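A.B. asks: Just need the structure, nothing else, for what follows:
(one chain, ligands or ions: 2)
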Amino acid sequence: MKNVAVIGGGLMGSGIAEVSARAGHDVVVVESSDDAAKAALGRLEKSLERAEAKGKLGAAEGTAADVLARIRVETDLDSTADRDIVVEAIVESEAAKVDLFKRLDSIVAAPDAILASNTSSIPIMKLGVATSRPTQVIGIHFFNPVPVLQLVELVPSLLTSPDTTERSRAWVEGSLSKQAIDCQDRAGFVVNALLVPFILSAIRMYESGFASAEDIDRGLVLGAAHPQGPLALADLIGLDTTKAVAESLYEEFKEPLYAAPPLLQRMVDAGLLGRKTGRGFYTYS
Ligand SMILES: C[C@H](O)CC(=O)SCCNC(=O)CCNC(=O)[C@H](O)C(C)(C)COP(=O)(O)OP(=O)(O)OC[C@H]1O[C@@H](n2cnc3c(N)ncnc32)[C@H](O)[C@@H]1OP(=O)(O)O
Ligand SMILES: NC(=O)c1ccc[n+]([C@@H]2O[C@H](COP(=O)([O-])OP(=O)(O)OC[C@H]3O[C@@H](n4cnc5c(N)ncnc54)[C@H](O)[C@@H]3O)[C@@H](O)[C@H]2O)c1
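C.D. replies: Ligands and ions are numbered 1, 2, ... in the order given. Presented below is the predicted three-dimensional model:
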């Protein structure tokens, strides 16, 4: 697979585009507006400049400018027509993703192209059946920050062909040098089914006044060797995404531990989405 498209150039899409271009792929990023495309390009430039300054770009990757030259940021979905693999990384909304997969199905021309989703929690079958080619639809779930974290969850639906799964694995492990784990197609897959209820418990603990945000996070960093505490992690993920994942899990399993706490809902209503808006459980400059 040579030609890659990433739909959505936000936190995750820009990271997926970066690691793909660093692996030598020709990458098209499709955003929803000119302003969003500009922001996506800015994220890519900043991250690649940082990687270059830290001496992380290998000889095969080239300079930050070489990697950027392999990426085009567009607003026209038709630019996915000649792609071998499309990775969808738009907002965590089932309706938005179903609509996008329908449109991709009518545009992407190669008969064996893979249509992948980076969804955190939405069952892949819902996206597969929106297309005429569910055998080629799969979850390829990266972790944030994409250039740093090694894991990718591979999530075939009941209709995904073994060929699609194995070509996806070869791309993720052979080309992007990530490590894949195999998951069944249920909301939250492996990692978020365990991680998100933990984050929600931390939010409930904070909401109840039991401990401060700083002490909850310091507790898990110093007492359980987590790289960052659950509330700082929720701010990194984005509180809108955290809430959307909780809702998918709750819809699938109806377990109270997956229900989004009222504080999380109010913070999302208020636009306090974490790092991406400058304020969540903490304030960022
Ligand atoms: C919800 C979804 O569906 C699934 C998910 O993604 S769940 C979220 C999973 N992610 C996590 O759990 C992240 C946990 N946190 C961490 O790993 C770390 O706190 C962190 C990597 C975010 C930041 O690490 P920290 O040590 O505090 O900061 P910092 O020193 O700036 O960064 C550590 C290294 O990561 C690199 N880094 C950090 N953020 C980066 C980014 N956005 N892009 C590229 N590199 C980055 C730094 O360059 C640094 O590299 P170096 O050690 O070689 O110099
Ligand atoms: N944030 C995380 O830690 C994380 C980790 C793994 C997976 N994910 C998943 O990745 C996806 C993206 O999450 P994110 O954190 O990057 O969100 P984000 O809000 O940072 O980015 C989403 C981007 O998609 C763009 N977009 C929205 N609709 C679009 C459309 N129809 N066409 C093209 N672009 C469109 C937006 O302009 C935005 O730039 C979600 O499904 C999320 O659940 C998130």
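A.B. asks: so what's whatever residue of the stretch 1-150 of the chain ends up closest to ligand 2 up against?
C.D. replies: Scanning the stretch 1-150 of the chain for proximity to ligand 2 using CB to the nearest ligand atom identifies residue 10 as nearest, at 1.8 Å. Glycine gets a C-beta too; all of them are placed from N, C-alpha and C. Contact partners of residue 10, counting by CB atoms under 8 Å, 6 or more residues apart in numbering, are 40, 43, 89, 90, 276.
A.B. asks: Adding distance to ligand 1 and secondary structure, write the residues you listed out as CSV.
C.D. replies: Formatted as CSV, those follow (distance: CB to the nearest ligand atom, whole Å; DSSP: H, G, I helix; E, B strand; the rest coil):
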residue, distance to ligand 1, secondary structure
40, 14, helix
43, 9, helix
89, 10, coil
90, 13, coil
276, 12, helix
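A.B. asks: just the helices in the stretch 151-285 of the chain please.
C.D. replies: Secondary structure of the stretch 151-285 of the chain (DSSP state H, counting those that start in this stretch): helices at 162-169, 191-207, 213-224, 230-237, 239-253, 262-269.
A.B. asks: Could you work out which of the ones you listed reaches nearest to ligand 2?
C.D. replies: Shortest distance between ligand 2 and the helices of the stretch 151-285 of the chain, using CB to the nearest ligand atom, is found for helix 230-237: 3.8 Å.
A.B. asks: Using PDB, write out every CA atom in that closest one.
C.D. replies: This file holds the C-alpha atoms of helix 230-237, laid out as PDB (Å, rounded to 0.1, in the frame of the first residue of the first chain):
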ATOM      1  CA  PRO A 230      -6.600  10.300  34.800                       C
ATOM      2  CA  LEU A 231      -7.800  13.900  34.800                       C
ATOM      3  CA  ALA A 232      -4.800  15.200  32.900                       C
ATOM      4  CA  LEU A 233      -5.200  12.200  30.500                       C
ATOM      5  CA  ALA A 234      -8.900  13.100  30.000                       C
ATOM      6  CA  ASP A 235      -7.700  16.700  29.100                       C
ATOM      7  CA  LEU A 236      -5.200  15.200  26.600                       C
ATOM      8  CA  ILE A 237      -7.800  12.900  25.000                       C
END
